[in-house]
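1. pasting a predicted model and its sequence here:
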Amino acid sequence: MVIKCEAIMDFTLSKFNEITNIVRKNANKEGMLYNGDTFECTKEIAEYLTGKNNSKSVVVRIIEVIPKKEKSNE
């Protein structure tokens, strides 16, 4: 599954290279996400960014959960 998130504050992300489909609201700096940026990530990264981290910081809101597409056997 892929999780689509929106940043609710500016923050740096050490696993920046693991997120995809980044849509920038303003600035574009590698490793940095800004309030209003949207992106897609794994469930694990989404959980980390929504408070399952050492400081319990919530820095994104989840916009959409996109299920994996099933391979059809046609």
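-> Cool, the structure landed. Numbering: from 1, shown residues only.
2. and the end-to-end length of stretch 21-34?
-> 14 Å (CA to CA, to the nearest Å).
3. may I see the buried residues of that stretch?
-> Leu33 (16 or more other CB atoms under 10 Å). No exception for glycine: its C-beta is placed from N, CA and C like everyone else's.
4. which residues sit against it?
-> 4, 7, 10-14, 16, 35-40, 59 (CB atoms under 8 Å, 6 or more residues apart in numbering).
5. where are the low-confidence patches of the chain?
-> 71-74 (pLDDT under 70).
6. how about the strands in it?
-> 2-7, 11-12, 20-23, 32-33, 38-41, 60-66 (DSSP state E).
7. redo the ones you listed as CSV? Include distance to Thr50.
-> Converted to CSV, those look like this (distance: least, CB to CB, whole Å):
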stretch, distance to Thr50
strand 2-7, 8
strand 11-12, 12
strand 20-23, 18
strand 32-33, 14
strand 38-41, 11
strand 60-66, 6
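8. which of the contacts of stretch 21-34 are buried? Put it as a PyMOL command.
-> Filtering the contacts of stretch 21-34 down to the buried ones (16+ other CB under 10 Å) takes a single PyMOL command:
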select buried, resi 4+7+11+13+37+38+39+40+59
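9. show me which of the contacts of stretch 21-34 is closest to Leu49.
-> The nearest member of these to Leu49, counting by CB to CB, is Val59 at 5.3 Å.
10. check contacts around that closest one.
-> Neighbours of Val59 in contact, by CB under 8 Å, 6+ apart: 7-9, 11, 33, 49.
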